[in-house]
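Chemist: Pasting a predicted model and its sequence here:
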Amino acid sequence: MGEQFPGYRQDVFQEHYERPEAPIDVLKRQLVYWCTEGRIAGEPAIDLEIEAHKALTHAGVPATATIMDVGCSFPNFLNYWKLMGHTGRLIGVEPNTKQFEGQLSYWRPVATLPGQRGGNAGKSIYELVGNTAKPGFEGVEMFASTVDSLPLHDGEVDVLTSMFMFYHVPRDVQPFALQEIKRQLKPETGIFVLATRGFDNKSGIRANEARIAQALSRMRGEWISPPPPVNSGFTSEDARKILPAYFPEVREYNHRDRLLFRYAPDAQIEDADILQGAYYTLRAMYKNSGGESVSDEEFEFAFREVLGTDIDGVRTGKNVIRDTLDESLFIASDRPLNLPSRPAFEAIS
């Protein structure tokens with residue numbers, strides 16, 4: 001499925017995502033890609049972070065380049081670059097630092113740096129403590145900041161990545177964020193990499209979310225609204241319209257596939273668990289007109305009413321559930337890039 005560019009190694013992919021300290025939600029996110037029908041046909045799992053590395057390697061990004069990942073969470077993507085032999089500066093930017101101080105207690109703040117821009121009070125930089133025998137993470141710098149206020153001086157970054165993050169940025173902030181990205185990138189040569197989802201991604205799950213809301217409304221005798229689509233804040237469709245206004249060169253690698261949730265008795269996490277998690281992570285967002293969330297018990301009752309048979313069927317191997325996958329990788333710059341002549345993905349018709 002796609003071209004095998006120099007530098008891509010399946011064993012490094014496995015080490016990247018099977019590290020024992022990786023949080024379970026990262027593993028679940030990656031396992032969604034193993035639910036594609038392309039995987040069932042014997043093709044390798046789809047992962048836009050790995051495809052981004054392959055494409056940038058093909059484009060000749062040097063091992064000494066400064067790479068910044070904005071909204072990096074636990075810095076798996078930056079660690080992948082490290083595992084692949086990258087020697088340049090690797091910088092993670094993440095506003096939610098509680099995950100480093102709590103769940104991942106071996107990250108700790110070591111300094112507060114003055115902000116590089118007016119109005120920005122400062123940023124915490126983190127270092128790794130413990131588990132330093134593991135390769136990679138000790139070479140990653142972590143800053144607590146947001147995409148509209150990045151930590152470095154003008155023009156210090158060769159590659160800036162935003163992997164499934166930009167739709168969390170409020171729409172009125174997005175123009176300022178893109179201007180800040182341009183400020184941070186090296187003039188004329190910097191590369192911006194963005195991964196996001198199409199509006200119709202997982203449309204089946206979204207339809208069921210509306211059915212759950214209807215079931216809750218009947219139970220409560222009042223209107224309960226379903227959660228908005230996670231990706232609706234900045235979709236692939238938005239990127240196609242907006243990115244050319246900031247970068248004269250924009251390449252899109254679009255991947256459409258069919259998700260197939262099925263019984264997998266040998267899997268660490270079954271497909272049914274992945275499918276169930278897709279709904280349960282959003283249960284606090286089901287609210288009435290006054291903004292009050294429904295209780296966990298109410299949600300679980302409505303969930304079983306709408307999806308219980310399907311989930312049970314997946315878990316027992318009686319049936320499968322299909323949905324859609326629509327994701328895009330955008331690579332943008334002020335100059336032409338030596339990127340692959342065709343997308344790194346092959347759609348399944």
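Modeler: Structure received.

Chemist: What residues does residue 52 make contact with?
Modeler: By Cβ atoms under 8 Å, 6 or more residues apart in numbering, the contact set of residue 52 is 161, 163, 193, 195, 329, 331. All C-beta spots, glycine's among them, are computed from the backbone N, C-alpha and C.

Chemist: Next, count neighbours for the second one.
Modeler: By that I understand residue 163. Neighbourhood size, residue 163 [other Cβ atoms under 10 Å]: 20.

Chemist: pretty sure it is touching residue 69, no?
Modeler: Yes: using Cβ atoms under 8 Å as the test, residue 163 is close enough to residue 69 to be in contact (6.9 Å).

Chemist: Widest-spaced pair of the contacts of residue 52?
Modeler: Maximum pairwise distance in the contacts of residue 52, criterion Cβ to Cβ, is 12.2 Å, between 163 and 331.

Chemist: I'd assumed residue 160 was in contact with residue 71.
Modeler: No: Residue 71 sits out of contact with residue 160 when judged by Cβ under 8 Å, with a separation of 11.0 Å.

Chemist: The two: which has the busier surroundings?
Modeler: Shown here are residue 71 and residue 160; by other Cβ under 10 Å, residue 160 has more neighbours (26 against 19).

Chemist: For that one, list the residues it contacts.
Modeler: Residues in contact with residue 160 (Cβ under 8 Å, 6+ apart) are 67, 68, 69, 70, 181, 184, 185, 190, 191, 192, 193.

Chemist: at 10 Å instead, please
Modeler: Contact analysis of residue 160 by Cβ atoms under 10 Å, 6 or more residues apart in numbering lists 66-70, 91, 93, 147, 150, 180-182, 184-186, 190-194, 332.

Chemist: Once you drop chain neighbours, what's closest to it?
Modeler: Closest residue to residue 160 apart from its sequence neighbours, by Cβ to Cβ, 6 or more residues apart in numbering: residue 68 at 4.9 Å.

Chemist: Residue 178 - that's part of a helix, no?
Modeler: Yes: assigned with DSSP: H, G, I helix; E, B strand; the rest coil, residue 178 falls within a helix.

Chemist: Report how many residues lie close to the nearest residue in space to it that is not next to it in sequence.
Modeler: Of all residues not flanking residue 178 in the chain, residue 246 sits nearest, at 5.2 Å (Cβ to Cβ, 6+ apart). Residue neighbour count, defined by other Cβ under 10 Å, stands at 15 for residue 246.

Chemist: So residue 246 is in contact with residue 334, correct?
Modeler: Yes: contact criterion Cβ atoms under 10 Å: residue 246 and residue 334 qualify, at 9.2 Å.

Chemist: Tell me the residues that contact both of the two, please.
Modeler: The contact sets of residue 246 and residue 334 overlap at 182, 192 (Cβ under 10 Å, 6+ apart).

Chemist: shared neighbours, residue 71 and residue 160?
Modeler: Residues touching both residue 71 and residue 160 (Cβ under 10 Å, 6+ apart) are 93, 147.

Chemist: what about residue 261, distance to residue 234?
Modeler: As for residue 261, its distance to residue 234 is 26 Å (criterion: Cβ to Cβ, to the nearest Å).

Chemist: Give the helix, strand or coil label for residue 324.
Modeler: Assignment for residue 324 (three-state DSSP): strand.

Chemist: tell me the contacts of it?
Modeler: Residues near residue 324 by Cβ under 10 Å, 6+ apart: 198, 200, 201, 202, 203, 204, 205, 206, 256, 257, 258, 259.

Chemist: Need the buried ones from those selected in ChimeraX.
Modeler: Here is the ChimeraX command that picks out the buried ones among the contacts of residue 324, judged by 16 or more other Cβ atoms under 10 Å:
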select :198,200,201,202,205,206,256,257,259
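
Chemist: how about the contacts of residue 324 in JSON lines, adding distance to residue 143 and secondary structure?
Modeler: Converted to JSON lines, the contacts of residue 324 look like this (distance: Cβ to Cβ, whole Å; DSSP: H, G, I helix; E, B strand; the rest coil):
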{"residue": "198", "distance to residue 143": "30", "secondary structure": "coil"}
{"residue": "200", "distance to residue 143": "35", "secondary structure": "coil"}
{"residue": "201", "distance to residue 143": "30", "secondary structure": "coil"}
{"residue": "202", "distance to residue 143": "32", "secondary structure": "coil"}
{"residue": "203", "distance to residue 143": "36", "secondary structure": "helix"}
{"residue": "204", "distance to residue 143": "38", "secondary structure": "helix"}
{"residue": "205", "distance to residue 143": "33", "secondary structure": "helix"}
{"residue": "206", "distance to residue 143": "34", "secondary structure": "helix"}
{"residue": "256", "distance to residue 143": "35", "secondary structure": "strand"}
{"residue": "257", "distance to residue 143": "35", "secondary structure": "strand"}
{"residue": "258", "distance to residue 143": "39", "secondary structure": "strand"}
{"residue": "259", "distance to residue 143": "35", "secondary structure": "strand"}
